[in-house]
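Chemist: need a 3D model of the following:
(chains A and B)
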Amino acid sequence: MILAVLFANSEGNILVERFNGVPAEERLHWRSFLVKLGAENLRGAKNEELLVACHKSVYIVYTVLGDVSIYVVGKDEYDELALSEVIFVITSAVKDACGKPPTERLFLDKYGKICLCLDEIVWKGCLENTDKERIKRLIRLKPPVDF
Amino acid sequence: MAQPFVKKDDDDEEAEYSPFLGIEKGAVLQEARVFNDPQLDPRRCSQVITKLLYLLNQGETFTKVEATEVFFAVTKLFQSRDIGLRRMVYLMIKELSPCADEVIIVTSSLMKDMNSKTDMYRANAIRVLCRITDGTLLTQIERYLKQAIVDKNPVVASAALVSGIHILQTNPEIVKRWSNEVQEAVQSRAALVQFHALALLHQIRQNDRLAVSKLVTSLTRGSVRSPLAQCLLIRYTSQVIHESASNSQTGERPFFDYLESCLRHKAEMVILEAARAITELNGVTSRELTPAITVLQLFLSSSKPVLRFAAIRTLNKVAMTHPMAVTNCNIDMESLISDQNRSIATLAITTLLKTGNESSVDRLMKQITNFMSDIADEFKIVVVEAIRSLCLKFPLKYRSLMNFLSNILREEGGFEYKKAIIDSIVILIRDIPEAKESGLLHLCEFIEDCEFTYLSTQILHFLGIEGPKTSDPSKYIRYIYNRVHLENATVRASAVSTMAKFGAKVESLKPRIFVLLRRCLLDSDDEVRDRATLYLNTLGGHGSEVETDENMNEFLFGSLEVPLVNLETSLKNYEPSDESFDINSVPKEIKSQPLAEKKAPGKKPATGLAAPPSGPATTVDAYERLLSSIAEFSSFGKLFKSSAPVELTEAGTEYTVNVVKHIFDRHVVFQYNCTNTIPEVLLENVAVIVDSSDAEEFSEVASKPLPSLPYDSPGQTFVAFEKPDGVTAIGKFSNILKFIVKEVDPSTGEAEEDGVEDEYQLEDLEVVAADYILKVGVSNFRNAWESMGADYERVDEYGLGPRENLTEAVNAVINLLGMQPCEGTEVVPSNSRSHSCLLSGVYIGNVKVLVRLSFGIDGQRDVAMKLAVRSEDESVSDAIHEIVASG
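Modeler: Below you'll find the predicted structure:
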C-alpha cells in the first residue's frame, strides 16, 4: 500500500497531500515528520536525487524537483524499490506537465494537470500507471497508443 | 482541460505570487455556481475545480451541506462535451466521495460512460463507480466489470482490476466470482495489466494454499513481463517455499532454481527482490546464500541510493544470522560509512559491527567516532545498540568500546539516546567483570552533570548494588552524596537509598554513612527524610535494635518477585475494601499475548518486513477477571497460566474459533473464542462438545454455552475439566461446535424465529506439559543458577535423532518445555556444531526451574543433548526430565 504522496515547497508548506489508509489523526504527525526529514536531508540534494529512509516497517523515498520536494511513503509490497519506481513516475509526470523542474509558481500554475497525473499514477494506494507518455494522454482522455 | 490561471510565459518568473494567493473557501464555493450556468464555460469550470482540489489537498474540509452542494453542481458538468473538463469531473467526484443517498444522482451518467465507445470514458467511469458505490449497485454493474477486466484496452482492464483490489476489502464474495477473468488477465501482454491481475488473483486465493502453489508453479515456468509483477511473483514464491518447507523432508528446495534465475534478471528491482527472498529462506545454507550475497555486494557500489539502501538493508539482516557470509562485503560497506544518505551509513556501520572481527574493532571505532557527530539521535541509538552486542561478542575489547560509550555519553543528546548508552554500559558491567570498575566510574561522572532524573535514579540504584562489591567502595560515596546537595527530591531520595546499601554491605563504611544519613534527616522533602529515618533505623544508626543481616539484606536488596507492569495493573484494578492488597495475587507471567478477542490475523506474506513489537501483557489480568466473573469457575482458585490462543479453524472459513487453555491447580478451562463471519446468519446456543476419551485423567465438570453469536461480534463459550491435583496431566481433545443457526433478513437485520440445529467440526486440541510451565525469565542466569544450588540438580543425556540443524533441535526442546530462553541463547549461530541454551521458568505450584541445555551435532546430523535441571523441588527436576524423555 502506498500510504502517502506529499508535495511541499522549500519552506515546508504543503502543496499536495494525499493519504491512503492513514487515520486522520495520524496525518498531521506524518506531515510534520516528512517535512522535518526533508529539511534535514534535502538541502544541497540534486534534482531527482533519491533519498530513502525507513521507520519501523514503513518506507519513505523522497526527492527534490526544482523548488518542490516530493515524498512517497509505503509499506508491505511498496518497499523502497517499488517506491522509487513510483516517485520516478511522479517526477517525470510533473516535469512533463511543467516542461522543466518547476518553481513553486510554475507548479501551482499547473496544479490541475498535476492532480490529474497523480490520479492516474496512484489510485487509493496502488500504483496504476507508470509510463509518462501514456499518462500524458490519459489526462486528456486519449487512449494509450501502444496497444 | 486544466489550464493555468494566469497565462504567462514559463520563463517569466518575476511574478512570484501564487495563483492561489488569498484563496478562501467561501469565495471558491461561490465561484462553483458557474457549474449551474446554462452556457457552460469549460475553462472556467476547470479552474474552479482546480481551486477546489487545492483546498482539499491542503487539508481543508467541507461541511456536509457544502459538500452536497458542490457535488450536485459538479454533476451538472456531465452535460459538457469538453473532455478535459470531464476528466476533472471524474477526479472531483472521487475526491468528494459523496454519501450513499447522493450517489444515485450520478450513477446513470457513470453507467452510460461505462458503456461508452470511448475507452477512456469507460476506464474512468469504472474507477469512479467503484470508489463511490456500495454492494447493491455493485451487483448491477458486475457484468460490465467482468468484461472490462478482459478489455483489450490495457487502461480499461487495469482500472477494473485495481477496482477489484479495493472492492475485495468490502465485498469479497463478489470479487471472488471474477477468478476466471482475472486468470485470463494474468496472461495479458500488457505489463501493468499482468501486474494488477497477479496482485488481485493472489488476494482472491490467498487463503487457499494449494491454489497459490499452483499459481506460482505455472507462472514461474511462463514469462512474466512486468518487473513489478515479477517481484510479486518472487514474494508469493518465497511464501510457498516457506509453507512447504515444514512439510517436506530434506532434499532439493522447491523453486530455488527460479529464485536463482531471477538474480540474472535485467531489472534491478527483480534481482534485489530475489536476493532478499533467498536470504530469508528458512535454514538457508551458505551455498544458497553465496550468489545472493554476490549481487547484493555489487549493488553496494551502485550510483542509485535506493539500490544501495536496499542492498545494505538486506545484508544487515543477513548479518544477524549469518555474519560470516557477509564478511566478503566488509570493504564495500566501509566505504558506505561516508555515504551522503545517513540511513545507508547507519545500516553500513551496524552491519560492520556484526561482521567485523576482533582485529578490526579499533579501526572501526575510529571511523564511527567521526561519523557520530553528524547523525540524528535515532541513528545513534542503533549504533550504540550494535556496539553493545559487539562488546559482548569480543569481551577483550571492552576497554576501547567502553571508552567510546563514555565519550559519547559526554556529548549532547536527548533522553532516549542517553538511556541507550546507560543501558549498554550497565549490561557490559554485568557481563564483563573486568569492565566493572571503569564502567561504574563513567556512570558516576555522568550523574555529576545529568539532566534526566530517570537516568540519575537508575544509575544510583545500580551503584547501590554493584558499588559495595568493588575493591574500593568508598570512592563512590562522594558522587552519591553530592546528589543530596545538588539534585531534585526524587534523585535525593534515590541517593539516600544507595548510601544505605553501601552502609549495609560495607561494615567499615557504616559509621561514616550514618553521619551522611543523619544530615538527610533535615531535608526539605518528606520522602527523603522518611527514607533516611527508615534506613538509619534498619541499619542501627539510631542505636535502635538492629535487624538481622538476612532481613536487612532482603529488605534493601531483595527484588520484587512480580513484573512491575503486572503489579501496576493489579494495583489499578484493586478497589479499596476491608481486604488489603495481596501482592501474591499479582500474576507472574510476563509473556505478552495477543488479545483473544481480536480476530486472528491473516498469514503475513513473507515480505521480510520487521513487524512492530507487540505491547506489554495485560491480557493475563483480563483473563483472570473474565474467569472469576463466571460463577462456575469461581471456586477453581488462582489462575496459574493462560496459553496463547490456538486456532481451531483455517483462516477464511465461515466460523472462526480459537481456544485459550487456562490452567488452575486442579482444573483446566478451555475458552473458545468464536466469530461468525457470515452476515446473513445469527447463531444461538453456541457450545463446544468436547470428546476427552484420549485424555483419561480429565473429567468434564462444567460447560458454559454462548446464548447468541451475531455476525462479526466475537463471543466466548467455556468448557471446564477437573484433573488430579499436582499431576501434570496431558491429553488430546476433539471438538465439535454445536449451535442453532437462524437466517437474518439483510434489510431489517432481524433474525427469523425458527432456526436449524447444526454442527461444525473443529480441529483437535492438546494439553501438553509446557502448559504447566510459566515463561519467567531471569536477568542473570549464572547468578540464579548458583544461588539455586545443586541440591536438586538432575543431569542426563539424550539422543534427539537426525535433525536438519541445531536451530531446529533447540527450538523443538524450547517448545516442548515451554520455558523462557535467557540471554539470547535461543539463537544458534549458523553452521555451529555445538550450542548451549539457558532456560528458566516457574512450574505449576510456583516452583522455580532453571535448565541448561548443551547440544552437539555430528556428521550424520544426529543431535545429542545434555540436560541439566535445577529447581526448588526434587520432583520438579525429575518431571522436567520426564517431559523431555517422553517428548
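Chemist: how deep is the residue nearest to residue B:639 when sequence neighbours are not counted tucked in, by neighbour count?
Modeler: Nearest non-adjacent residue to residue B:639, counting by CB to CB, 6 or more residues apart in numbering or on different chains: residue B:624, 5.1 Å away. Where you see a C-beta, it was placed from the backbone N, CA and C, and this is true even at glycine. For residue B:624, the count of nearby residues is 18 (other CB atoms under 10 Å in any protein chain shown).
Chemist: and the residue of chain A found nearest chain B, how many neighbours?
Modeler: Closest to chain B within chain A is residue A:112: 2.8 Å, counting by CB to the nearest CB. Neighbourhood size, residue A:112 [other CB under 10 Å]: 26.
Chemist: cool, and residue B:699?
Modeler: Per other CB under 10 Å, the neighbour tally for residue B:699 reads 11.
Chemist: list phi and psi for the nearest residue to it once chain neighbours are set aside.
Modeler: Distance criterion CB to CB, 6+ apart; nearest residue to residue B:699, sequence neighbours excluded, is residue B:722 at 5.3 Å. When read as degrees, to the nearest 10, the backbone of residue B:722 gives phi -100, psi 150.
Chemist: residue contacts, residue B:722?
Modeler: Contact partners of residue B:722, counting by CB atoms under 8 Å, 6 or more residues apart in numbering or on different chains, are B:666-667, B:698-701.
Chemist: and with 6 Å instead?
Modeler: B:667, B:699, B:701 (CB atoms under 6 Å, 6 or more residues apart in numbering or on different chains).
Chemist: count of neighbours near the closest residue to chain A within the stretch 151-300 of chain B?
Modeler: Chain A sits closest to residue B:269 of the stretch 151-300 of chain B, with a gap of 4.7 Å, by CB to the nearest CB. When neighbours are defined as other CB under 10 Å, residue B:269 has 21 of them.
Chemist: can you tell me the SS state at residue B:742?
Modeler: Recorded secondary structure, residue B:742: strand (DSSP: H, G, I helix; E, B strand; the rest coil).
Chemist: please tell me how far the nearest residue to it once chain neighbours are set aside sits from residue B:710.
Modeler: Once flanking residues are discounted, residue B:742 sits nearest to residue B:755: 3.9 Å by CB to CB, 6+ apart. Using CB to CB, to the nearest Å, residue B:755 is found at 13 Å from residue B:710.
Chemist: equivalent analysis for residue B:678, please.
Modeler: Distance of residue B:678 to residue B:710, given as CB to CB: 10 Å.
Chemist: check what pLDDT the residue in the stretch 701-850 of chain B positioned nearest to chain A gets.
Modeler: For the stretch 701-850 of chain B and chain A, the shortest gap (CB to the nearest CB) falls at residue B:712, measuring 20.1 Å. Confidence at residue B:712, expressed as pLDDT, is 80.
Chemist: who's in contact with it?
Modeler: By CB under 6 Å, 6+ apart, the contact set of residue B:712 is empty.
Chemist: distance check, it against residue B:682.
Modeler: Distance, residue B:712 to residue B:682, by CB to CB: 11 Å.
Chemist: which neighbours do those two share?
Modeler: Common neighbours of residue B:712 and residue B:682 (CB under 6 Å, 6+ apart) do not exist.
Chemist: and what about residue B:732, helix, strand or coil?
Modeler: strand.
Chemist: count of residues packed around it?
Modeler: For residue B:732, the count of nearby residues is 14 (other CB under 10 Å).
Chemist: same question, residue A:11
Modeler: Counted with other CB under 10 Å, residue A:11 comes out at 9.
Chemist: same thing with residue B:704?
Modeler: 16.
Chemist: kindly report the same for residue A:93.
Modeler: Residue A:93 has 24 neighbours, counted by other CB under 10 Å.
Chemist: how about residue A:121, nearest residue that isn't a chain neighbour?
Modeler: Closest to residue A:121 by CB to CB, 6+ apart is residue A:89, at 5.3 Å.
Chemist: after the host helix or strand of the one you found, which helix or strand is next?
Modeler: Using DSSP states H and E, residue A:89 sits within helix A:80-98. Per DSSP H and E, the first helix or strand lying C-terminal to helix A:80-98 is helix A:104-109.
Chemist: quick one: the least confident helix or strand in chain A by mean pLDDT near chain B?
Modeler: Least confident helix or strand, chain A: strand A:51-55 with a mean of 86, by mean pLDDT, DSSP states H and E. Yes. Judged by CB under 6 Å from any CB of the partner chain, strand A:51-55 comes into contact with chain B through A:51-53.
Chemist: restrict those to the buried ones and give me that as a ChimeraX selection.
Modeler: Selection command for ChimeraX covering only the buried members of those, criterion 16 or more other CB atoms under 10 Å in any protein chain shown:
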select /A:51,52,53
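Chemist: Throw the residues of strand A:51-55 next to chain B into CSV and include distance to residue B:261, thanks.
Modeler: Converted to CSV, the residues of strand A:51-55 next to chain B look like this (distance: CB to CB, whole Å):
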residue, distance to residue B:261
A:51, 32
A:52, 27
A:53, 32
